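> Predicted model and sequence follow; I will ask about them next.
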Amino acid sequence: MRKFFFFLFIFLFILLLFSLFFWLYEAKFFVGRAAVSYQSFSVDNSYVFVTPLRAKANNQEKIRVTVFVLNNQGLGVMGRKVFIGRDQNLMIEEIQALTDNFGKAIFDIAGDKPGEYYLEVKVEDKTLPQKAHLSFY
């Protein structure tokens, strides 16, 4: 019976040490998410998503353009105004032109004439190297 209590005591002691180590050392790394940058952004790290790739040219089907504005570390930059180039054949709806904490801006675009369109994307005064490629049929 003494052996049982001895092993139980050793087990509980090791469990207590492990718990203390975890809460004092590891827990501080799980507390929050990465910090959001409010200052500069990288033109080369920012990118544009277009989905779906094609839509009917009936002014009802829309193509969503999502722009991610990121800094040099790949973190989203909040509070940046995003502009999409204009075309007279396209109807551009700004869902969220100002970037959120993930650096995301969203636009919905509908067209009334079939064709391929390449729209320039600007973040404030800087033009992104990637263009939004839209296709309406």
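Now that the structure is in, tell me what you want to look at.
> Could you work out the end-to-end span of stretch 87-105 for me?
From its first residue to its last, stretch 87-105 covers 19 Å (CA to CA, to the nearest Å).
> quick one: contacts of it?
Residues external to stretch 87-105 that are found in contact with it (CB atoms under 8 Å, 6 or more residues apart in numbering): 36, 41, 46, 59, 62, 66-70, 75-84, 86, 106-113, 115, 117, 119, 134. Any C-beta I mention is one placed from the backbone N, CA and C, and that applies to glycine too.
> Which of those residues fall in strands?
Counting by DSSP state E, the part of those found in strands is 62, 66-68, 82-84, 106-111, 115, 117, 119, 134.
> Read off the pLDDT value for the residue nearest in space to the middle of the chain.
Closest to where the C-alpha atoms of the chain average out (CA atoms, centre = their mean) is Phe102, at 4.5 Å. For Phe102, the pLDDT comes out at 93.
> Equivalent analysis for the one 3 residues further on, please.
In the prediction, the pLDDT value recorded for Ala105 is 97.
> pLDDT weak spots in this protein?
Scanning the chain for pLDDT under 70 picks out the ranges 24-39.
> Understood, closing this out.
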